[in-house]
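Student: Based on what follows, work out the 3D shape:
(one chain, ligands or ions: 1)
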Amino acid sequence: MRIMISADMEGATGVTWTADVLPGTEQWQRFRALFTGDVNACVGGLCAGGAESVLVNEAHSSQRNLLLEALDDRASMLTGRHKPLSMMQGVDSGVDGVVFLGYHAGAGEEGVLAHTYLENSITGVWLDGRPASEGRLNAALAAEHGVPVLLVTGDDRACEDARSWAPAAEVVAVKECVSRYAAICATPAITSARIAEAASRAMTGAGRVEPVVSAHRIEVEFDATHLAHAAAVVPTVELVDVRRVGFDAATMTDAVQAFKIVTAVAAGAVEGIYG
Ligand SMILES: [Zn+2]
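Tutor: Predicted coordinates for the structure are as follows:
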């Protein structure tokens, strides 16, 4: 059994604000170790439950956050940016299950550092009419490759979100959301134990399933009209409301890749403090 971990940072142990996850800051340096600790606990648990190897795909920001020198030897790490499947690179490599570690609630929702792809500017994303966090989008992509979501970790809001798109997955809340920038946090010793136990249990759900390939529609709402206009320039993307665009795609892979382009174009149109 080979398992993949898609590792995001906002939902890691102790993380509650911008500097904690902003590459180059002192706080980020500190939280890299805690983030790596969450990943190691997960690798240990997965292997205790029967995994032979684990591929860790860095999914946060510059995608250069985890400490390779401190990583469990049973894992290998995909680090660095510019990957066609982004947060989910590797899901098409024959893995038997995926873990969403350090995930967070979606844009416009209650949750620590809640957002979907862009930290701000996007106020909501919908997949086939349902509010979509990064977790929901990535779970649909995993389903298209026949890969079950085994475990989701993050704050309590991320865990609640996961129940609607991965009902069979184990969840571990490493912190309890108080506001977008505040949480009641358990210590790394406690969260590591919980993650390891849940990861081991989750291995009972590992094993490839029948791929679910179907057409999908994504809609994205922005906090300013010109961002929607900028995104609507992308082929297949149409303006559906003053601040909202939508597009249809034949597969989830196409949908995720089109979404990446939409976010890149919109991010490029953001103008200073007026957004
Ligand atoms: Zn994220």
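Student: Residue 66: what's it in contact with?
Tutor: Applying Cβ atoms under 8 Å, 6 or more residues apart in numbering to residue 66 gives the contacts 7, 32, 35-36, 39, 56, 58, 77, 79. Every residue, glycine included, has its C-beta placed from N, CA and C.
Student: How about the residues of the stretch 51-200 of the chain by the ion?
Tutor: The interface of the stretch 51-200 of the chain toward the ion, taken as Cβ under 5 Å from the ion, is made up of residue 134.
Student: what's the closest non-adjacent residue to whichever residue of the stretch 51-200 of the chain sits closest to the ion?
Tutor: Residue of the stretch 51-200 of the chain nearest the ion, by Cβ to the ion: residue 134 (5.0 Å). Leaving aside its sequence neighbours, residue 134 sits nearest to residue 116 (Cβ to Cβ, 6 or more residues apart in numbering; 5.7 Å).
Student: Test my guess that that neighbour contacts residue 103.
Tutor: No. Using Cβ atoms under 8 Å as the test, residue 116 is too far from residue 103 to be in contact (11.1 Å).
Student: Find residues that contact each of those two.
Tutor: Shared contacts of residue 116 and residue 103 (Cβ under 8 Å, 6+ apart): 133-134.
Student: how about the strands in the stretch 151-275 of the chain?
Tutor: 170-179, 182-185, 216-222, 238-241, 244-249 (DSSP state E, counting those that start in this stretch).
Student: To residue 26, which of those lies closest?
Tutor: When those are compared by Cβ to Cβ, strand 182-185 sits nearest residue 26, at 18.5 Å.
Student: Kindly export that closest one (C-alpha atoms) in PDB.
Tutor: Provided in PDB are the C-alpha atoms of strand 182-185 (Å, rounded to 0.1, in the frame of the first residue of the first chain):
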ATOM      1  CA  ALA A 182      -7.700  32.700  16.800                       C
ATOM      2  CA  ALA A 183      -8.100  29.100  18.000                       C
ATOM      3  CA  ILE A 184      -7.800  27.000  21.100                       C
ATOM      4  CA  CYS A 185      -4.900  24.800  20.300                       C
END
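Student: Many thanks, we can stop here.
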